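In: attaching a predicted model along with its sequence, questions to come.
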Amino acid sequence: MKIKRGDTVEIIAGNDKGKRGEVIRLIPQTNRLVVQGANVRKKHQKQARTQARQGQIQPGIIQLDGPMDASNVLLVCPKCGELARIGYRRDAGEGRAQRVCRNCKNLID
């Protein structure tokens, strides 16, 4: 996956098209990710049955950020501020791969 946790992305498809947010969680097995404030789902939470769990679970309707496919987002370059595809460049010293913005050719990491 070319997008990492903490990256700012913009949604390019779906109901939340045009929104920007930070990546909260990655699910690489299914190629999905969770963006803060996007793809909001409502969950109806029941009240806890036992007294031991009363403080942990709040009853009512809870809003959760749902996962979306990684192909529906594009990274926002921190240098140029535009939507960017991601490339890789090998570091000359250690040979590690570093992410590169395809627009401005600056390192992202």
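Out: Okay, I see it.
In: quick one: stretch 93-101 to chain centroid distance?
Out: 22 Å (CA atoms, centre = their mean, to the nearest Å).
In: and stretch 50-67, by the same measure?
Out: 23 Å.
In: also stretch 22-40?
Out: 4 Å.
In: also stretch 61-69?
Out: Distance, centroid of stretch 61-69 to centroid of chain: 12 Å (CA atoms, centre = their mean).
In: quick one: the strands in the chain?
Out: Using DSSP state E, the strands of the chain run over 8-11, 20-27, 32-35, 40-45, 60-65, 67-69, 73-76, 83-84, 86-90, 97-101.
In: can you list the strands that the second one pairs with?
Out: Take DSSP bridges as the rule and strand 20-27 pairs in its sheet with strand 8-11 (antiparallel), strand 32-35 (antiparallel).
In: rebuild those strands as TSV, extending it with distance to residue 108 and mean pLDDT.
Out: From N, CA and C alone the C-beta is placed, and that goes for glycine too. Output for these, formatted as TSV (distance: least, CB to CB, whole Å; pLDDT from 0 to 100):
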stretch	distance to residue 108	mean pLDDT
strand 8-11	11	97
strand 32-35	16	97
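In: which one of these lies closest to residue 61?
Out: Closest to residue 61 of those, according to CB to CB: strand 32-35, at 19.2 Å.
In: domain boundaries for the protein, per the record?
Out: Here the domain parsing of the chain from automatic domain parsing is 8-76, 85-109.
In: which residues sit against stretch 6-18?
Out: By CB atoms under 8 Å, 6 or more residues apart in numbering, the residues outside stretch 6-18 that reach it are 3, 19-23, 35, 38-39, 68, 71-76, 78, 83.
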